[in-house]
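# Okay, sequence plus prediction incoming.
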Amino acid sequence: MFNLDTQKNLNILIQGIVQGVGFRPFVYRLAHECYLTGWVNNSAQGVHIELAGQETDIQTFLKRLLDEKPSHATITNIHSSWVARREYDDFTIRHSDNTGDKSAFIMPDLAICPDCLQDILDPNNRRYRYPFTNCTHCGPRYSIIHALPYDRIRTSMWHFKMCDACLMEYRNPLDRRFHAQPNACPACGPQIALWDCEGNTIALEDDALLFAADAIKQGQIVAFKGLGGFQLLVDARKKSAVQRLRELKKRPDKPFALMFPTLDMARSCCDVGLSESSVLQSSAAPIVLLKCTNPSLIADNVAPNNPYLGVMLPYTPLHVLLMQELNFPIVATSGNLSDEPICIDEYEALEHLATIADVFLVHNRPIERPVDDSIVQFVDGELQILRRARGYAPLSLELTDTLPTTLAVGSHLKNTVAITHNDQLFLSQHIGDLNNTKTNDVFLQEIDDFKRLYDLTPEQIVHDLHPDYLSTQYAQKTGLACYAVQHHVAHVLAGMLDNRIDDAVLGVAWDGSGYGTDNMIWGGEWFVVHDSTVERVAYLSPFALPGGDSAIREPRRSAMGALYAIYGENLFEDYDVPLFRTFTKNERDVLKMMLDKHINTPLTTSMGRLFDVVASILNLCQVSTFEGQAARTVEYKAMKSNSTENYTFSFEDSVLDWRPMIQQVVRDRIDRVSSATIARQFHNTLADMIVRVAGSVGEEKVLLTGGCFQNRLLTEIANKRLRQAGFTPYWHHRIPPNDGGIAVGQIMAVTHQIKLKERVVCA
């Protein structure tokens, strides 16, 4: 018997990822096993518990809570205090409390778990072949929630009333669907249908899935409403079907993602190690970039001239059932036109995708916000997230300081937004490039979502230094106190938070372009961050971009600007490299006039553009159809060589002069040295530039950041040479190295500004 004289009551608030992961059912069962009474509920701050019982039993509960918590749960803080003694007859799960400060973490969407997979494949199970099967260990979360705390009534599942059987599971503490908010079955949950391009119903329920599978087998394009939006599916083995998708989607060259029905089939096509296998089968189930080892298994236009394939496995019950019918790899690309956000509503999809898809496999569970597939790769054996979306978003990061509520609106490309609440930073999913009205609408919606979900009103806003970015213009129209942060400084600060670097670091920020404090286009920068200061200690010697933005789309223009910086007017008389022949004589004359007279030829220090220069000189890419295309061709060509040789460059007065290197590239090209050797030696030289500056600065920690360090080969060569020279390299892991991490860096800049009262990053 309990000794009432020694009974105590402990009030606990648990914060972290503790909603939507079966945490309350776990607490319920654990409390009963520890002979405790009281209650647990979801609150706007996390999970709230009150325990009543013997102190030794409470201590046992706390230890087991940490040791045995659900696999998807992450505890960041436990606040506890002894309170006045209250007696309870039992331990219960109370209704959620949505009052007070909203700081609970939102769980990302989770891939189907093994138990639910077994349910949908078991003919004797009542959920056999039911495409919306889930439990507390898997299923939709972020894509369906519209308010905190996380309860069914505050998700898009409120439309569906649970049947008696589902309700019994939901209320049974011993069932894994105990308080599983999206719980459903064929009798009470969402259903699928197959539509034609005019919205007429062709088939319902399982017949719809079977008809969709037949359409893919026949080479047709299926618009598929998935977890966070539509995908476009086509047989990856049929070149003509893939080409038709390219033409209709207006995506001539950019690689398509693939879905394989099984891990074994993915292994038959790609190099899948233990780490890659683990991530493919994880609850995040992202697209993983894998080296293709058997290209004959898919059409050669799935990923043209690319040694890597973006591979994922079925991650929802609907995907599993479809892929089981097909048993071959399919293209599974975003359901949109190029550069537009993915469609999330079936009627929106009819409007925008009817010119692409032959049929539409839809369902009636509403999607609250677009959540695209995440993309990851392994660099030096460690996971690096390139696009943070389904399975990884939203992301919560702990800050060292408490801020006024601050909204960061990110960059123009690969946009994400972030907002702070006390000492927490919440980063959104990948939104996309703010090049069109539709993506801008999603950008605005995501800001509103964050404000509504966390019941926050921003007190200040931070944006990029570039005045023409739509995100900058939005910030300046809010009427809030605005802070502008230089693009590449934001990259470095984001990388520092990712790696938890609190002291001095040399940040190497290389990308395509960012607005500099001198009105030049930066992109090949070295910064030292130390205490309150950020100092630009080195940069590439600038060269002209004839045509400005046109040069970003045409590497041959960047090449002309770089070669003009070397050879001047003689360039147009004495040299003959393939890129010249891509221009007409009249075009060359116009380019010469522009360069001679400095007309529409902005200067840049961009490493991304320097990659374009080499791609053009080697005739690998003269005109790009997607961002980073030219740089990728140079990386992939370099992978075919093992050369350890370097080209030369000079470093004086903070300027890295790349011109000797490019002169040697031109000479080697004329002398018919293989493009692979030239590309590899170019990479080697860039790594040596990093080491050279690190040696002159003397900071032991060197951080590699910016879009250029999505280049796995460059990052690994640089890491190796930095280690050999006695430095410690750091690179991105959780936060993308590209512009998807800019919002985080912007928040960090404001954090330092408030703390130190003085800074050099903000304008």
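Yep, it's here.

# Alpha carbons only: can I get the one helix or strand L233 maps to in CSV?
Counting by DSSP states H and E, the element that carries L233 is strand 230-235. Extracted in CSV, the C-alpha atoms of strand 230-235 (Å, rounded to 0.1, in the frame of the first residue of the first chain):
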residue,chain,number,x,y,z
PHE,A,230,1.1,16.2,-56.4
GLN,A,231,3.8,14.2,-58.2
LEU,A,232,4.0,13.3,-61.8
LEU,A,233,4.7,9.6,-62.4
VAL,A,234,5.9,7.8,-65.5
ASP,A,235,7.7,4.5,-66.3
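
# what's that strand packed up against?
helix 205-217, strand 222-225, helix 239-249, strand 330-334, helix 346-353 (3 or more C-beta pairs under 8 Å, 6 or more residues apart in numbering; DSSP states H and E). All C-beta spots, glycine's among them, are computed from the backbone N, C-alpha and C.

# average pLDDT for the longest one?
Spelled out, that is helix 205-217. For helix 205-217, the mean pLDDT works out to 98.

# quick one: contacts of that helix?
For helix 205-217, the external contacting residues (C-beta atoms under 8 Å, 6 or more residues apart in numbering) are 129, 131, 186, 191-194, 202-203, 222, 224, 233-235, 318, 321-322, 325-326, 330, 358-359, 361.

# Where in this structure is the helix or strand with the lowest mean pLDDT?
helix 571-574 (a mean of 69; mean pLDDT, DSSP states H and E).

# And the helix or strand following that helix, what does it pack against?
Proceeding N to C from helix 571-574, the next assigned helix or strand is helix 585-597, under DSSP H and E. Under the contact criterion of 3+ C-beta pairs under 8 Å, 6+ apart, helix 585-597 touches helix 555-567.

# quick one: buried residues of the helix it packs on?
Using 16 or more other C-beta atoms under 10 Å as the test for burial, helix 555-567 gives 555-567.

# now the strand holding L233 and strand 330-334, what's the angle there?
Here strand 230-235 runs at an angle of 160 degrees relative to strand 330-334 (axes from the mean of the first three to the mean of the last three C-alpha atoms, to 10 degrees).

# Please enumerate residues in contact with strand 230-235?
With C-beta under 8 Å, 6+ apart, strand 230-235 has contacts from 216-217, 219-224, 241-242, 244-245, 249, 259, 322, 326, 328, 330-336, 342-344, 349, 353, 356-357.

# Centre of the chain to it, how far?
20 Å (C-alpha atoms, centre = their mean, to the nearest Å).

# So for that strand, mean pLDDT?
Mean predicted confidence for strand 230-235 is 98.

# same thing with stretch 119-126?
98.

# 11 is where my numbering starts, stick with that
Will do, 11 is the new start, and the previous item becomes stretch 129-136.

# Flag the shaky bits of this structure, pLDDT-wise.
Within the chain, the stretches with pLDDT under 70 are 11-15, 110-114, 583-587, 763-773.

# how's it carved up into domains?
For the chain, automatic domain parsing gives the domain ranges 14-103, 202-373, 404-495+749-766, 531-538+548-740.

# next one: stretch 173-182 to chain centre, how far?
Using C-alpha atoms, centre = their mean, the offset of stretch 173-182 from its chain centre is 36 Å.

# hmm, back to that, with distance to A648 added, can I get the buried residues of helix 565-577 in TSV?
Listed next are the buried residues of helix 565-577 as TSV, based on distance: C-beta to C-beta, whole Å:
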residue	distance to A648
P565	16
R566	20
R567	23
S568	18
A569	17
M570	23
G571	23
A572	19
L573	21
Y574	25
A575	23
I576	22
Y577	25
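
# Looking at those, spot the one nearest L507.
Using C-beta to C-beta, S568 comes nearest to L507 of the buried residues of helix 565-577, at 32.0 Å.

# how near is that closest one to N316?
Relative to N316, S568 is positioned 22 Å away (C-beta to C-beta, to the nearest Å).

# pretty sure L299 contacts L319?
Yes - the pair L299 / L319 is scored as a contact, 7.4 Å apart, by C-beta atoms under 8 Å.

# and those two? which has more neighbours close in?
L319 (28 against 24; other C-beta atoms under 10 Å).

# top helix in the chain by residue count?
Determined from DSSP state H, the single longest helix within the chain is helix 685-707.

# Give the buried residues for that helix.
Buried residues in helix 685-707 (16+ other C-beta under 10 Å): 685-704, 707.

# mind listing what F36 touches?
E78, K79, P80, A83.

# Please name the spatially closest residue to the last one (chain neighbours excluded).
Distances taken as C-beta to C-beta, 6 or more residues apart in numbering place V31 nearest to A83, at 4.7 Å, with adjacent residues excluded.

# Wasn't the one you found part of a strand?
No - assignment of V31 by DSSP: H, G, I helix; E, B strand; the rest coil gives coil, placing it outside any strand.

# What is the neighbour count of it?
The burial count for V31: 26, using other C-beta under 10 Å.

# and D390, how many neighbours?
The burial count for D390: 12, using other C-beta under 10 Å.

# Need the phi and psi values for it.
The phi/psi pair for D390 (degrees, to the nearest 10) reads phi 50, psi 40.

# Point me to the helix or strand that includes E408.
strand 405-413.

# ignore the last one, V57
strand 56-64.

# now swap in S285 and tell me
Judged by DSSP H and E, S285 forms part of helix 284-290.

# List the buried residues for that helix?
Counting neighbours by 16+ other C-beta under 10 Å, helix 284-290 gives E286, V289, L290 as buried.

# gap between the second one and E392?
What it means is V289. 11 Å.

# One more: the last one?
L290 sits 16 Å away from E392, going by C-beta to C-beta.

# In a markdown table: the buried residues of helix 284-290, plus distance to Y740.
Formatted as a markdown table, the buried residues of helix 284-290 follow (distance: C-beta to C-beta, whole Å):
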| residue | distance to Y740 |
| --- | --- |
| E286 | 22 |
| V289 | 21 |
| L290 | 26 |
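
# nearest to I757, of those?
Nearest member of the buried residues of helix 284-290 to I757, counting by C-beta to C-beta, is V289, at 27.2 Å.

# For burial, what's the neighbour tally of the closest residue to that closest one other than its chain neighbours?
Closest residue to V289 apart from its sequence neighbours, by C-beta to C-beta, 6+ apart: V298 at 5.6 Å. The local packing of V298 (other C-beta under 10 Å) involves 28 other residues.

# Double-check that V298 belongs to a helix.
No - per three-state DSSP, V298 lies outside any helix segment and is strand.

# coming back round to it: between the helices and strands packed on strand 240-245, which one is nearest to Q55?
Once the helices and strands packed on strand 240-245 are compared by C-beta to C-beta, strand 232-235 is nearest, at 33.9 Å.

# mind exporting the closest one as CSV, just the C-alpha atoms?
The C-alpha coordinates for strand 232-235 follow below in CSV (Å, rounded to 0.1, in the frame of the first residue of the first chain):
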residue,chain,number,x,y,z
VAL,A,232,-0.1,10.0,-63.9
ALA,A,233,-0.7,13.1,-61.7
PHE,A,234,-0.6,11.6,-58.2
LYS,A,235,-1.8,13.3,-55.1
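
# in that strand, what counts as buried?
In strand 232-235, counting by 16+ other C-beta under 10 Å, buried: V232, A233, F234, K235.

# Next up, the contacts around the third one.
With contacts defined as C-beta under 8 Å, 6+ apart, F234 is in contact with A222, F240, Q241, L242, L243, L328, L332, A342, G345, L371.

# So what sits opposite the fifth one in the bridge?
Okay, so that is L243. On the basis of DSSP bridges, L243 is bridged to V232, A342.

# mind checking how far it is from A309?
From L243 to A309 the distance is 14 Å (C-beta to C-beta).

# Who has more neighbours out of those two?
L243 (29 against 22).

# Can you give me every residue that contacts R397?
I297, D382, D383, S384, I385, K424, H440, P746, G750.

# Between those residues, which sits nearest T66?
S384 (44.4 Å).

# How about the closest one: what's its closest non-neighbour residue?
Closest to S384 by C-beta to C-beta, 6+ apart is P296, at 3.8 Å.

# I'd say that neighbour and M322 touch.
Yes - the pair P296 and M322 passes the contact test of C-beta under 8 Å, sitting 6.6 Å apart.
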